[in-house]
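K.L.:
How does the following fold in three dimensions:
(2 chains)
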Amino acid sequence: MKVCIAGGGKVGMYLAQSLLAHHHEVTIIEPVEAQCQMLADTLDIPVVCGNSISYDILRSADISSCNAFVAVTGSDEDNLIACQMAKQEFGVDRTVARASNPNNRELLHVLGVDTVVCGTDNLSHILEREIETNTIRQLLSLSGGTASLNEILLPENFKYAGKTIMEVPIPGDAILVSITRDTEFIIPHGNTVLLPWDRILCLTRDDTLHLLTNEWGLNKL
Amino acid sequence: MNILVIGCNQVGASLVRDLERIGHDLSLIEKDSEQLKRLDSFDDYTYGGTALVGDPTDPDTLRRGGIESCDAVAAVTEDDSVNLMASQIAKKIFHKDKVICRVSDSHLQLLYHRYYGLETICPTILTEQAVFRALSK
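P.N.:
So this is what the prediction gives:
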């Protein structure tokens, strides 16, 4: 696949490295000349020096031949405009933008960017969870960081120990996927009993997880 | 008319002054509080509208700046991307009919006028035309 990355800072560079490792063809657009030099030397790929919201620069990067355009500069506004140009003017199928401001994740998508990734948001969710409790571990972030698959370790003094799932309140939007009890693997049903030290795989929306943490008393350790 | 102006640079400050002088009600959003000092720099005019310091591409800021009750929006900061994004939010999210957007890059100006229906003003083209006319007299 041919991918063009707008913004050759840390995010752009690591993304390029990982795409190259998966045998994709990568071009980078970066405005700072010294950074361009460094990228070209380190990665051995075409680097176009210039502003990614300029028509001429996008054309010299030949983005109309790209399957995907990824805008990861530090400016959310620039990322939006670059993606809109890539789509409207150059007919790129798939556009991805980085949003630094979590409020912009939804907004950029409404304004026409196919996928919006918000690193700040994902990171703060993970940190928040780590601070809130050490009994929940995020295994997989889903849907751009709005939902996740988590492992919950029920504590020794779990307040609903011995109750069936039917009797245990599950606030918000969550599904218990599986339970690992020592070496036993259980697909849970309404009449499955929860016990201390159970490891529960739980699929939740992100706003649900702390409701669950509070309701199950997982933060009072 | 109630008019919301985004950006209090030289263009924005003069625009606000001229519009208020002919009887419009103005509100202003500007990212940098330092820039608002321009409003005090006119000899024969004091700004009578509201001014908000905040990010003009944030819908909440626009809402607090009074976008919902305004009749027209003018995005005239010096950053093309900020103007284009703020204008699209005004049109798409707040359904404003009259949105004027300053875009210095002539190609961007054309694109956003054509595909996104924005009313764009391009200082680059206006300057070029003025100089051209002055020289070809």
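
K.L.:
Apart from its neighbours in sequence, what residue is nearest whatever residue of chain A ends up closest to chain B?
P.N.:
Of all residues in chain A, A:E77 sits closest to chain B, at 3.6 Å by CB to the nearest CB. All C-beta spots, glycine's among them, are computed from the backbone N, C-alpha and C. Counting by CB to CB, 6 or more residues apart in numbering or on different chains, A:E77 lies nearest to B:S81, which is 3.6 Å off, once chain neighbours are set aside.

K.L.:
Near A:E156, how many other residues are there?
P.N.:
Counted by other CB atoms under 10 Å in any protein chain shown, the residues lying close to A:E156 total 8.

K.L.:
Same check on A:A40?
P.N.:
Other residues lying near A:A40 total 16 when counted by other CB under 10 Å.

K.L.:
swap in A:T42?
P.N.:
Applying other CB under 10 Å, we find 12 other residues in the vicinity of A:T42.

K.L.:
Doesn't it lie inside a strand?
P.N.:
No: going by DSSP: H, G, I helix; E, B strand; the rest coil, the assignment for A:T42 is helix, not a strand.

K.L.:
Could you look up the SS state of the residue nearest to it when sequence neighbours are not counted?
P.N.:
For A:T42, the nearest residue in space outside its immediate sequence neighbours is A:M13; the separation is 7.6 Å by CB to CB, 6+ apart. Secondary structure state of A:M13, per three-state DSSP, is helix.

K.L.:
my read: A:M13 touches A:C36, true?
P.N.:
No: no contact is recorded between A:M13 and A:C36 when judged using CB atoms under 8 Å, the distance being 11.3 Å.

K.L.:
joint contacts of the two?
P.N.:
A:I28 (CB atoms under 8 Å, 6 or more residues apart in numbering or on different chains).

K.L.:
what's the helix or strand for A:L139?
P.N.:
Remark: A:L139 resides in strand A:136-142, with elements defined by DSSP states H and E.

K.L.:
roughly how far is that strand from the heart of the chain?
P.N.:
Here the centre of mass of C-alpha atoms in strand A:136-142, compared against the chain's by CA atoms, centre = their mean, to the nearest Å, lies 11 Å away.

K.L.:
Please identify the pairing partners of that strand and their relative orientation?
P.N.:
Applying DSSP bridges to the sheet, strand A:136-142 is found paired with strand A:147-153 (antiparallel).

K.L.:
Distance of the closest residue to chain A within chain B relative to A:K163?
P.N.:
Per CB to the nearest CB, the residue of chain B with the smallest distance to chain A is B:S81, at 3.6 Å. Using CB to CB, to the nearest Å, one obtains 55 Å as the distance from B:S81 to A:K163.

K.L.:
again with B:Y112
P.N.:
B:Y112 is 59 Å from A:K163, where distance means CB to CB.

K.L.:
Understood, closing this out.
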